[in-house]
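Asks: Got a predicted structure plus its sequence, pasted below:
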Amino acid sequence: MNEYIIAIDLGGTSAKIAVINEEAKIKERWSVPTDISEEGKLVIPNIIQSIESFFNRENISTTQIKGIGLGTPGTINQTAGTVAAAYNLNWHGAQPIKKQFEEAFDVPFFMDNDANVAALGEQWQGAGDQAANVVMVTLGTGVGGGVVIDGHLVHGVNQAAGEIGHMTIEFDDPILCTCGKLGCLETVASATGAVNLAKHHVSSFTGTSALKDAVINHESISSYDIFQLAEEHGDPYAIMIVDTYSDYLARALSHIANTLNPAKIIIGGGVSASGEFLRERVERLFKQYSFSQIKNSTQIVLAELGNDAGIFGAAQIVNNGLSN
């Protein structure tokens with residue numbers, strides 16, 4: 001009987017591995033350090049060896065395993081079963097990930113990009129509340145995203161669907177993005193984007209502000225500092241930056257919602273730790289920018305799973321893959 005799914009959330013520091021039962025409960029979890037030496041050739045063998053050791057220790061047979069799911073950075077080629085351009089794993093050329101797992105374990109194997117997998121995890125076991133149509137926006141160093149339609153991830157013709165962070169959102173006074181384009185959402189609505197805004201608009205703010213002083217004096221500031229100064233200290237320049245940040249994000253989310261009409265848009269990532277202080281602002285502006293039927297049917301919610309989103313998403317890609 002296929003009782004368990006092995007779910008893997010692969011990152012640049014470690015691979016989080018979990019055994020998930022049929023009730024979507026985590027039976028066991030552990031992690032494996034990510035060894036990126038030798039051009040990352042040891043990353044997958046180390047994970048496989050760790051899973052094999054777990055099977056031996058717990059006397060688990062592969063006949064008890066429904067499948068293995070992996071969320072990974074990089075560009076996925078689903079047809080070839082390869083991953084490329086995962087630079088934090090030291091992977092440059094295409095890596096034959098599916099072949100390695102299927103040779104080690106005679107069970108179905110499925111993988112997807114880590115941002116997509118996190119979105120699916122939140123849709124299935126988190127803030128998405130199993131709604132069939134959900135979009136997740138991850139506000140970290142950049143802006144990631146994943147689109148779930150009818151319970152399945154949308155990949156697009158070139159596996160590039162969900163690149164929400166590179167939607168052009170600022171035309172009049174754009175900031176150069178790391179992707180090479182000008183005015184991307186990522187430049188104004190990520191953790192880096194908040195700092196960009198604070199530096200970009202400082203000359204136009206004439207009031208007294210601790211944030212303004214820090215920028216002018218070239219002190220190190222973070223998005224956390226900006227949101228904390230705004231929420232806890234009422235710093236007027238910090239509030240202005242948070243409002244500007246929220247406006248850009250709300251505009252982008254309204255475009256997404258007007259196109260896809262999801263039940264929920266989930267905000268995750270490090271910046272989402274600002275909680276209701278950010279969510280309420282974004283929702284209010286979102287309703288201003290959205291088509292009337294959209295604003296009354298699409299909810300803006302905060303992610304709930306944290307670091308477990310990738311684990312649950314990796315499990316769900318197995319369930320979805322086997323149901324196709």
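Replies: That came in fine, so what should we check first?
Asks: mind listing what P108 touches?
Replies: K66, G67, I68, V318, G321, L322 (C-beta atoms under 8 Å, 6 or more residues apart in numbering). Placement of C-beta: from N, CA and C, glycine included.
Asks: Mind doing that once more with 6 Å?
Replies: G67 (C-beta atoms under 6 Å, 6 or more residues apart in numbering).
Asks: ok, then the element right after the host helix or strand of I256?
Replies: For I256, the host element (DSSP states H and E) is helix 236-260. Sequence-wise, the next helix or strand downstream of helix 236-260 (DSSP H and E) is strand 264-268.
Asks: Now do that following strand and helix 236-260, the angle between them.
Replies: Here strand 264-268 runs at an angle of 140 degrees relative to helix 236-260 (axes from the mean of the first three to the mean of the last three C-alpha atoms, to 10 degrees).
Asks: what distance separates the helix or strand just after strand 264-268 from the middle of the whole chain?
Replies: Downstream of strand 264-268, the next assigned helix or strand under DSSP H and E is helix 276-289. Computed by C-alpha atoms, centre = their mean, to the nearest Å, the chain-centroid distance of helix 276-289 equals 20 Å.
Asks: Report the buried residues of helix 276-289.
Replies: With burial defined by 16 or more other C-beta atoms under 10 Å, the residues of helix 276-289 counted as buried are L278, R279, R281, V282, E283, L285, F286, K287, Y289.
Asks: Out of those, which comes closest to T206?
Replies: For the buried residues of helix 276-289, the minimum distance to T206 (C-beta to C-beta) is 23.1 Å, reached by R281.
Asks: residue nearest the centroid of this protein?
Replies: Nearest to the mean C-alpha position of the chain, by C-alpha atoms, centre = their mean, lies A115 at 3.8 Å.
Asks: what sits against that one?
Replies: Applying C-beta under 6 Å, 6+ apart, the residues near A115 are G144, G146.
Asks: separation between it and G313?
Replies: For A115, the distance to G313 (C-beta to C-beta, to the nearest Å) stands at 10 Å.
Asks: can you map out the helices along the stretch 51-200 of the chain?
Replies: In the stretch 51-200 of the chain, the helices defined using DSSP state H, counting those that start in this stretch lie at 97-104, 114-125, 191-200.
Asks: out of those helices, nearest to V134?
Replies: Proximity to V134 (C-beta to C-beta) singles out helix 114-125 among the helices of the stretch 51-200 of the chain, at 4.3 Å.
Asks: and M1, what pLDDT?
Replies: What the model reports as pLDDT for M1 is 52.
Asks: shaky segments in the stretch 1-150 of the chain?
Replies: Residue ranges of the stretch 1-150 of the chain with pLDDT under 70: 1-2.
Asks: Give me the distance between the residue nearest to the centre of the chain and G145.
Replies: Taking C-beta to C-beta, one finds A115 at 6 Å from G145.
Asks: Also L253?
Replies: Taken as C-beta to C-beta, the span from L253 to G145 is 10 Å.
Asks: domain ranges for this protein?
Replies: For the chain, the structural domains run 4-113+308-323, 129-304, going by automatic domain parsing.
Asks: can you list those in JSON lines and add distance to L120?
Replies: Below are these laid out as JSON lines (distance: least, C-beta to C-beta, whole Å):
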{"stretch": "domain 4-113+308-323", "distance to L120": "4"}
{"stretch": "domain 129-304", "distance to L120": "6"}
